[in-house]
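Undergrad: Sequence and predicted structure, then a few things I'm wondering about:
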Amino acid sequence: MRDMIKVPARESVSSRQIEDAIRELSPDKRTAFLQETQKFPCLRRIPELNKLADSIVASWNLEPFSLSSRRWHRIPCERQIGLAFFDPKTKSLSAELTIVECRNLSIEGISFFHDMPILSREVAITFDLEQTEREFIVVSLAWSRFSKAHLFQSGGRFLYQIGMDASLSETG
């Protein structure tokens, strides 16, 4: 959720003013974070997202606030995640897990790098690579592009969270 503090041009801001603003905004932002991640409780375990919920993010983009469709900032997230192909009709996951590289993350969505094109509009991702029981978030892919580095980059919005055991397909 974007919080804005207006400071008149060329007026300096004291560290005391910044600390007061952080104290004032942090409890509300933390509450909003917990409320908006009710559908995706596994996101609450990601340290980068917790830092986002507890901090004020400054933006110097010239983009007018009213034109932005994002309620939460994206943050860089350089970690490996698991991707499983998901059949939206049968609500089943493929048994094969592909490791991809997360690029950035928000409470509402994700973007990641991958080697091969993805032919489905919905995939499931997991952050629990070291766990024996994994939780997945189904992502509706909104875009994909091919980079100069010969990698695909895709991104989309989170739809809902599922457990691996409840919807695992026997076909891989």
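TA: Received, thanks.
Undergrad: C-terminal to the helix or strand containing residue 102, what's the next element?
TA: Using DSSP states H and E, residue 102 sits within strand 98-105. Where DSSP H and E defines the elements, the next helix or strand beyond strand 98-105 is strand 109-114.
Undergrad: Who does that following strand pair with, and is each partner parallel or antiparallel?
TA: Its sheet considered, strand 109-114 pairs with strand 98-105 (antiparallel), strand 152-163 (antiparallel) by DSSP bridges.
Undergrad: shouldn't residue 120 be in contact with residue 84?
TA: No. If you go by CB atoms under 8 Å, residue 120 and residue 84 don't touch, sitting 10.5 Å apart. Placement of C-beta: from N, CA and C, glycine included.
Undergrad: and the two? which has more neighbours close in?
TA: Ranked by neighbour count (other CB atoms under 10 Å), residue 120 and residue 84 place residue 84 first, with 24 against 11.
Undergrad: residue ranges for the strands of this structure, please.
TA: Using DSSP state E, the strands of the chain run over 75-76, 80-87, 92-93, 98-105, 109-114, 122-126, 135-146, 152-163.
Undergrad: Could you check those and tell me which one is nearest residue 42?
TA: Of all those, strand 135-146 sits nearest to residue 42, with 4.3 Å by CB to CB.
Undergrad: So what does residue 95 look like in phi/psi?
TA: Here is the backbone geometry of residue 95 (degrees, to the nearest 10): phi -70, psi -20.
Undergrad: any idea how far it is from residue 126?
TA: 13 Å (CB to CB, to the nearest Å).
Undergrad: Which one's more surrounded, those two?
TA: More neighbours surround residue 126 than the other of residue 95 and residue 126, with 19 against 13 (other CB under 10 Å).
Undergrad: and this structure, what are its domains?
TA: Domain segmentation of the chain under automatic domain parsing yields 15-67, 75-163.
Undergrad: can you redo these as CSV with mean pLDDT?
TA: As requested, these are exported to CSV (pLDDT from 0 to 100):
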stretch, mean pLDDT
domain 15-67, 70
domain 75-163, 90
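Undergrad: Return the most buried member of those.
TA: domain 75-163 (a mean of 16; mean count of other CB atoms under 10 Å).
Undergrad: first to last residue in that domain, what's the distance?
TA: 25 Å (CA to CA, to the nearest Å).
Undergrad: Centre of the chain to that domain, how far?
TA: Centroid displacement of domain 75-163 relative to its chain, using CA atoms, centre = their mean, to the nearest Å, is 10 Å.
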